[in-house]
Every structure is written in C-alpha cells, then in structure tokens.
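Chemist: Everything below, folded, please.
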Amino acid sequence: MAQRNNSGRNRGGQAGTVLLTLGVLLLLTEAGLAAASLPHLLTTLGIDALGAPAAAALALLKFFRTITFHPAALLPFAYGILVSFLALAGILSGLILLRKGTVENTR
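Modeler: Reported below is the predicted structural model:
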C-alpha cells in the first residue's frame, strides 16, 4: 500500500515539473518574440524623429482608433494575452503540484 501511495506522489511531482517547465518555456518564448519585434515597432512609430512622449501619445491614439474601427486587428494582441495567461496558469499549477508533493513527503 505504501508503494502505491508513493507512486502517486511521484506522478504528481512529475506532472508539476512538466507543467512548470512548459509554462516557463512558453512565457520565455512569448517574451522573446515580443523583444524581437520591439525594434520594428519603434521604427514604425517614428520615435527617433518625435521623441518618446509624443510617440507614446500617438501610439495610444492609434491603439484607440484600432479598437474603435478595426476590432479584428486586435486578435494577435488578445492571443498574446491568452498565451501569457496559459503560461502563468501552467507555472502556478506546477508549483501547486510540486508543493503538494513536498508537503506530503514531510509528513
């Protein structure tokens, strides 16, 4: 009976490690893609010619115009939020499963 209970703990720990690893990998990939597209974004906004405050204001106005007239254009932004949320949910689930296994092992 003790062997069967111990294998359940190992499976929970393994599942926690897998979820944690996949979540961190997904989050780092998403951050890497965002960082890779940042120079292109800055050049399209014209920050070199305008200055940072004016470029930020124009970017905000462009964002609101896009929300108003072209809501389908924001799908990549929504997908990015969804991917980041799923990555954070995987990390949190993995940590909970790992914590549950360590708490049970100390008893």
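Chemist: could you say what helices and strands the one helix or strand K100 maps to packs with?
Modeler: Counting by DSSP states H and E, the element that carries K100 is helix 75-106. Applying 3 or more C-beta pairs under 8 Å, 6 or more residues apart in numbering; DSSP states H and E, one finds that helix 75-106 makes contact with helix 2-45. To be clear about C-beta, it is placed using only N, CA and C from the backbone, and glycine gets the same treatment.
Chemist: Would you mind getting the angle between the helix it packs on and helix 75-106?
Modeler: Following axes from the mean of the first three to the mean of the last three C-alpha atoms, to 10 degrees, one obtains 150 degrees for the angle between helix 2-45 and helix 75-106.
Chemist: Would you mark the buried spots in the helix holding K100?
Modeler: 87, 90-91, 94, 97-98, 101 (16 or more other C-beta atoms under 10 Å).
Chemist: if you average pLDDT over it, what comes out?
Modeler: Averaged over helix 75-106, pLDDT sits at 81.
Chemist: can you list the residues that contact stretch 13-27?
Modeler: The contact list for stretch 13-27 (C-beta atoms under 8 Å, 6 or more residues apart in numbering) reads 83-84, 86-98, 100-101.
Chemist: hmm, try it at 6 Å
Modeler: Contact with stretch 13-27 is made by 87, 90-91, 93-94, 97-98, 101, as judged by C-beta atoms under 6 Å, 6 or more residues apart in numbering.
Chemist: likewise stretch 77-94?
Modeler: Against stretch 77-94 from outside (C-beta under 6 Å, 6+ apart): 16, 19-20, 22-23, 26-27, 30.
Chemist: at 8 Å instead, please
Modeler: Residues contacting stretch 77-94 (C-beta under 8 Å, 6+ apart): 15-24, 26-27, 30, 34.
Chemist: and that stretch, how far out from the chain's middle?
Modeler: Centroid separation for stretch 77-94 versus its chain: 4 Å, with C-alpha atoms, centre = their mean, to the nearest Å.
Chemist: Over to stretch 51-60?
Modeler: 26 Å.
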